[in-house]
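Visitor: Return a 3D structure for these sequence lines:
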Amino acid sequence: MKRNKRGCYSLLLLGFILVNSACAQQPPFVFTGKAYVQEAKSAEQETFLFNNEKGIVPLRNLDNNKVASIHFSSVYATAFDSLLNKYAKIQSFNGSEYMGVKPFDMLAQDTKFYNTLVVQLTDAEINNHQIIGFINETNKVKDVVVSYLGNSTFLRQLDNVTAPIIWSSRLSPVSAMFSAQAIFGGVAVTQKLNKTYTGKYVANTGFTTSKTRLQYTVPEDAGINSDNLKEIDKIAAEAITNRATPGCVVLVAKDGKVIYNKAYGYHEYNNQIQNKITDIYDVASMTKISATTMELMQLYDQQRLNLDSTLGTYMSMTRNTNKKTLKVSELLMHQAGLIPDISTFEVVKPSDHSVDSSAAFPTKVNQGYYLRKNYFDDVMLQAMLRSAVKTRGQYVYSDVGMLFLQQIAEAITSTPLNVYVQQKFYNPLGMQTAGFLPLYRFPVDRIPPTENDVKDRKALIDGYVHDPTAALMGGVAGHAGLFASANDIAILYQMMLNRGTYGGVQYIKPETVNMWTAKQSPISRRGYGFDRWDPIADRHYPSKLASDQTYGHTGFTGTCVWVDPKYNLVYVFLSNRVYPNVGNKLGSMNIRPRIQDAIYDAILKGM
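Guide: Numbering: from 1, shown residues only. Below you'll find the predicted structure:
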C-alpha cells in the first residue's frame with residue numbers, strides 16, 4: 001500500500017499483483033493490466049474441475065455455510081484466501097502447524113464447526129498420505145473442496161479422492177486466485193481434459209460451471225485502460241483537500257467484474273484511522289431501495305403485496321384517517337401527498353429518555369441515550385397518522401411514505417424489516433457487513449463516524465444511524481439505518497443488474513426488476529422506490545453521461561449507488577460527508593457525478 005501525491009490511499013488488491021515465486025532461482029514478477037488479463041486467460045485454459053457430480057462447486061447456501069481454508073506450503077495462500085473472503089467470511093488455517101507444532105489430528109478438531117473445508121495443495125503435499133487421508137475422512141462428514149496447483153505427474157495421487165478438485169498446472173498467483181473465484185462462481189470453469197493423465201482423469205472428462213457471482217479483476221479485463229481511471233484519484237483527492245469529506249470508497253463493477261475498488265483519506269480529519277475498502281458506512285437513504293424496496297419487490301412476486309391496494313388495506317389504524325386511500329404505488333413514487341418528515345428530537349420530552357437502559361427505557365438511540373418503551377407507537381406513529389395530505393398526485397420526496405411502507409411490509413411478514421432483509425437477502429447473497437445496528441456485529445473502528453451532534457444526542461455519531469427519525473426508531477427504519485461496505489452494495493446491485501439472480505439463486509423475478517426500476521411516474525423521473533436518470537438534460541442527473549436506463553439512489557451521508565444496464569455497470573460511492581457537521585461541498589463540487597462520468601469516459605475510451 002502506497003500513498004500517492006494527492007494523499008489518497010489505494011487498497012485495491014488486483015490493481016497490481018506482486019508475485020512471490022515458488023522457485024527460489026526466479027525473482028518476484030508482476031502482473032498488471034494486459035499482462036494480468038493474459039495470465040488469467042491462460043489460467044482459465046489450464047483449470048479443470050473433477051468430482052463435482054453433486055454440484056458442490058460453486059458453493060451455495062452462504063448464509064448457512066461456514067467455510068474454512070487450509071493451506072500448507074502454498075506461497076499463494078494469502079492471495080487465494082483474500083479472494084475467498086470476497087464471497088464469504090473465511091477462517092484460514094496454516095496446516096503446516098499441524099505437521100509438528102500441533103498433533104495432526106487436531107486439525108480435524110479445530111475445523112469441526114465448519115461446514116465446508118477448502119484445502120490448498122501443492123506438489124509438496126500431494127504425496128503426503130496423512131493429508132490425503134484427512135481429506136477423504138473429512139469428506140465423509142462435510143463438504144471438502146481441493147484446490148491443487150501442481151504438476152500433472154502427481155494427479156494419480158488424487159485418484160482415490162472423491163471430493164471436488166480444482167486443478168491447475170499453472171503456477172502463478174493469478175491462477176491461484178482464478179481457482180479461488182471458481183469455488184464461489186466468480187469465474188466459470190470452462191475446460192475439459194484434452195488428454196489422459198491417469199485411469200481416472202482421462203481425455204474429455206471434467207465438469208464445467210457457470211459464472212454466478214462477481215469476479216474480481218483489473219480494468220483491462222473489462223476492456224478499460226487502467227490509466228484512464230486515474231481521474232477518479234484526482235476527484236477524490238480534491239474532495240478530501242477541500243474538506244467535502246474526510247474520506248471515501250469508490251467501487252466500479254463492469255460486466256459482472258469488480259474492476260476498481262479504492263479507499264481514500266481517513267475516517268476523520270485527524271488522520272488517525274485510514275479508510276479501507278472494507279469499511280462499513282451509514283448509507284442513509286440508500287436504505288429505501290436496499291432494504292424496504294427489496295423486501296416489497298419480493299412480496300410483490302409472492303402476490304402478498306398489491307401496488308393498487310391502499311394503506312387502509314394493510315394498516316387498520318389508518319382507516320379512520322386521511323391516509324386510508326393512499327396507494328402503495330403512490331407511496332413508492334413519493335406521490336401520496338405526504339410531508340417529507342415528522343418532528344424528531346425537538347418533541348422528545350425529558351421524561352421520554354434516560355441515560356441508562358432498562359425495561360422502561362429499552363430503545364437505544366446512542367451511547368447514553370435510551371427512549372422509553374413504545375415511544376414509536378405512542379408518539380412517532382401517531383404523528384405520521386395525524387400528518388397532512390396536501391399534494392397528492394404531485395412529487396414530494398417523503399421519508400414518511402417509506403415509514404408507512406415499512407409498516408406494510410412488517411404487517412405482511414410479521415417480521416421486523418431488519419430481520420427480513422438480513423435473512424432473505426444479505427446473508428444468502430454473501431453480504432458480510434450489510435445490515436442494521438452494526439455495533440452488535442462489528443467494532444466501531446470499522447465504521448466511519450458521521451455528525452458530531454452537539455444539539456440533540458450530544459455525542460459523535462459513530463455506529464449509530466445519523467438520520468434522527470431512524471435514530472428515534474432504534475436504528476431500524478424504512479428510509480434509513482442500513483450500514484454496508486462498498487463490496488456488499490455491489491453484490492446487491494449486481495443481483496439487480498442480473499435481473500434478480502445471483503449465486504444461482506433467484507431473489508426477485510426478472511419482470512419485477514424491469515418494472516420497478518423503469519420510469520413509472522407520469523410527473524417525475526421515479527420508478528417504484530428507485531430514483532432514476534433525469535430526462536431534463538441540464539440537470540445532468542445522476543451524471544452527464546449516464547444512460548436513460550440508469551437507476552439507483554443517493555444517501556444524505558454522502559453515498560450513492562447507480563446501476564446502468566446499458567453499460568452493464570454498477571457504481572458505488574460511499575463517504576461520511578456529514579462529518580463533523582452537515583455541509584454541502586460534496587454536492588456543490590459534484591464529486592459523485594464527476595467520478596461517475598470519469599468511469600463512463602474510461603469505458604468510452606476503451607483500451
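
Visitor: can you map out the strands along the stretch 451-600 of the chain?
Guide: In the stretch 451-600 of the chain, the segments counted as strands under DSSP state E, counting those that start in this stretch are 452-453, 459-460, 483-484, 501-502, 505-506, 531-532, 551-555, 559-564, 569-575.

Visitor: which residues of this structure score low on pLDDT?
Guide: Applying pLDDT under 70 to the chain picks out residues 1-30.

Visitor: Spatially central residue in this structure, please.
Guide: With distances taken as CA atoms, centre = their mean, Asp488 lies nearest the centre of the chain, 0.7 Å away.

Visitor: For Gln494, see how far away it is.
Guide: 11 Å (CB to CB, to the nearest Å). Quick note: C-beta positions are derived from backbone N, CA and C, even for glycine.

Visitor: same deal with Gly529?
Guide: Note on Gly529: its distance to Gln494, by CB to CB, is 18 Å.

Visitor: neighbour count winner among those two?
Guide: The neighbour comparison of Gly529 against Gln494 (other CB atoms under 10 Å) goes to Gly529, with 24 against 21.

Visitor: thought that one was touching Lys288?
Guide: Yes: using CB atoms under 8 Å, Gly529 makes contact with Lys288 at a distance of 6.3 Å.

Visitor: what number of residues lie near the nearest residue to Tyr197 once chain neighbours are set aside?
Guide: Distances taken as CB to CB, 6 or more residues apart in numbering place Leu155 nearest to Tyr197, at 4.8 Å, with adjacent residues excluded. Residues within reach of Leu155, counting by other CB under 10 Å, total 21.

Visitor: again with Pro58
Guide: The burial count for Pro58: 25, using other CB under 10 Å.

Visitor: In terms of secondary structure, what does the host helix or strand of Glu231 contact?
Guide: Element membership for Glu231 (DSSP states H and E) is helix 230-241. Helix 230-241 is packed against strand 247-254, strand 257-265, helix 591-605, with contacts defined by 3 or more CB pairs under 8 Å, 6 or more residues apart in numbering; DSSP states H and E.

Visitor: Which of those sits closest to Leu338?
Guide: Among the helices and strands packed on helix 230-241, the nearest to Leu338 by CB to CB is helix 591-605 (26.8 Å).

Visitor: end to end, how far does stretch 208-215 reach?
Guide: Start and end residues of stretch 208-215 are separated by 17 Å (CA to CA, to the nearest Å).

Visitor: Identify all contacting residues around it.
Guide: The contact list for stretch 208-215 (CB atoms under 8 Å, 6 or more residues apart in numbering) reads 49, 52, 57-58, 86-87, 181-182, 184-192, 221, 253, 256-258, 430, 490-491, 494, 501-504.

Visitor: and if we set it to 7 Å?
Guide: 49, 57-58, 87, 181-182, 184-190, 253, 256-258, 490-491, 494, 502-504 (CB atoms under 7 Å, 6 or more residues apart in numbering).

Visitor: taking those residues one by one, which sit in helices?
Guide: Members of the contacts of stretch 208-215 lying in helices (criterion: DSSP state H): Gln181, Ala182, Phe184, Ala490, Ile491, Gln494.

Visitor: Mind putting the residues you listed into CSV with distance to Glu268?
Guide: Listed next are those as CSV, based on distance: CB to CB, whole Å:
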residue, distance to Glu268
Gln181, 35
Ala182, 40
Phe184, 35
Ala490, 25
Ile491, 28
Gln494, 31
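
Visitor: Pull the contacting residues for Asn160.
Guide: Residues in contact with Asn160, defined by CB under 7 Å, 6+ apart, are Asn136.

Visitor: Where does it sit: helix, strand or coil?
Guide: Here Asn160 is recorded as coil under DSSP: H, G, I helix; E, B strand; the rest coil.

Visitor: Okay, the residue of the chain most remote from its centre and Ala459: tell me how far apart.
Guide: The C-alpha centroid of the chain is most remote from Gly199, which lies 43.8 Å away (CA atoms, centre = their mean). Counting by CB to CB, the gap from Gly199 to Ala459 is 69 Å.

Visitor: Could I get the strands of the stretch 451-600 of the chain in a markdown table, plus columns for mean neighbour count and distance to Tyr395?
Guide: Converted to a markdown table, the strands of the stretch 451-600 of the chain look like this (neighbours: other CB atoms under 10 Å; distance: least, CB to CB, whole Å):
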| stretch | mean neighbour count | distance to Tyr395 |
| --- | --- | --- |
| strand 452-453 | 18 | 30 |
| strand 459-460 | 18 | 35 |
| strand 483-484 | 28 | 28 |
| strand 501-502 | 22 | 32 |
| strand 505-506 | 14 | 32 |
| strand 531-532 | 25 | 11 |
| strand 551-555 | 24 | 15 |
| strand 559-564 | 26 | 20 |
| strand 569-575 | 28 | 24 |
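
Visitor: In TSV, list those strands along with distance to Tyr269.
Guide: As requested, the strands of the stretch 451-600 of the chain are exported to TSV (distance: least, CB to CB, whole Å):
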stretch	distance to Tyr269
strand 452-453	11
strand 459-460	13
strand 483-484	21
strand 501-502	37
strand 505-506	42
strand 531-532	30
strand 551-555	21
strand 559-564	19
strand 569-575	13
